[in-house]
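Asks: Sequence below, structure please.
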Amino acid sequence: MREAGRIVAEVLQEMENSIKPGITTAMLDKIAEKLIRSYNAEPAFLGYHNFPASICTSINNEVVHGIPGLRRLAEGDIISIDVGVRLKGYHGDAAATFEVGEVAPQARRLIDVTRLSLQEAVEAIKAGNRLSDISHAVQAYVEKNSLSVVRNYVGHGIGEDMHEEPQVPNFGQPGRGPVLQEGIVLAIEPMVNAGSWEVKVLDDQWTVVTADGSLSAHFEHTIALGNNGPEILTSPNLV
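Replies: Modelled structure (predicted):
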């Protein structure tokens, strides 16, 4: 899973290097798939429940699961890219939101708060803590900054399958759910909206957007709880 995580991290770094006004999301998808396969790994999203691409590309008010296509990025956009890799039967999964050229201050603040809420979640991953301590850490930080946590979509366990138990919401009261134990691996992924937390799914049956049209940001890491605390398997540089 460390190997898969390193590939995910490299893909996200390549995405950041490739993002510029004028590039299409289909081009980004092609770059990502080529890099994943260069490591004899597989893009875990491609064909997953019939998803038609190797990465998810969600722009501006799109929250998650955006499908790459002919849309060209424009100056001032923000784009969330979610990457999954399967290597030797195990998975890595991470996401980050990137700026396209110069963005508005409120967009930059949304990105910063979302990224830092993930860091708050990582710090809550301790043996003996409860699962909802992670959830509460995200919600408390986001709402302290007057933003909203998406409630319809959650983080998850990860391993031989992309999505495993337990589900990890980004909201809730602390001190609830299973006790965290060494050896657990979780994909923690705050999804944060500038407006209301409510979302809806577009007619393509994949793309999730904010109900009020506000901007959304998304960060995710695959994290293992080991003897020395949480270990980020997918590039700590993105937190």
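Asks: what's the distance between Met162 and Asn50?
Replies: As judged by C-beta to C-beta, to the nearest Å, Met162 and Asn50 stand 14 Å apart. The way it works is simple: take the backbone N, C-alpha and C, and place the C-beta from them, glycine included.
Asks: Neighbour count: the two, which is higher?
Replies: It is Met162, of Met162 and Asn50, that has more neighbours when counted by other C-beta atoms under 10 Å, with 18 against 8.
Asks: so how far is His156 from that one?
Replies: On the measure of C-beta to C-beta, Met162 and His156 end up 8 Å apart.
Asks: which non-adjacent residue is nearest Gln106?
Replies: The shortest distance from Gln106 to any non-neighbouring residue, by C-beta to C-beta, 6 or more residues apart in numbering, is to Ala194 (6.5 Å).
Asks: Report how many residues lie close to that neighbour.
Replies: 20.
Asks: so who does Ala107 touch?
Replies: Contact analysis of Ala107 by C-beta atoms under 8 Å, 6 or more residues apart in numbering lists 76, 78, 99, 215.
Asks: likewise Thr25?
Replies: Here Thr25 is in contact with 57, 59, 66, 68-69, 71, 73, 79 (C-beta under 8 Å, 6+ apart).
Asks: Give the residue spans of the protein that score low on pLDDT.
Replies: 236-239 (pLDDT under 70).
Asks: pull the longest helix from it.
Replies: Ranked by residue count and defined by DSSP state H, the top helix of the chain is helix 105-123.
Asks: by contact count, what packs against the helix or strand just after that helix?
Replies: Scanning forward in sequence from helix 105-123 by DSSP states H and E, the next helix or strand is helix 131-144. For helix 131-144, the packing partners by 3 or more C-beta pairs under 8 Å, 6 or more residues apart in numbering; DSSP states H and E come out as helix 105-123, strand 148-149, strand 164-168, strand 185-188.
Asks: contact partners of helix 131-144?
Replies: 113-114, 116-118, 120-121, 123-125, 148-149, 155, 166, 168-180, 186, 188, 190, 192.
Asks: repeat for stretch 195-207
Replies: The contact list for stretch 195-207 (C-beta under 8 Å, 6+ apart) reads 51, 58, 62-63, 65-67, 148-153, 193, 208-215.
Asks: Narrow these to those that are buried.
Replies: 51, 58, 62-63, 65-67, 148-150, 153, 193, 208-210, 214-215 (16 or more other C-beta atoms under 10 Å).
Asks: quick one on the thing from earlier: which of the contacts of helix 131-144 are buried?
Replies: Applying 16+ other C-beta under 10 Å to these flags 113-114, 116-118, 120-121, 124-125, 148-149, 155, 168-172, 174, 177, 180, 186, 188, 190, 192 as buried.
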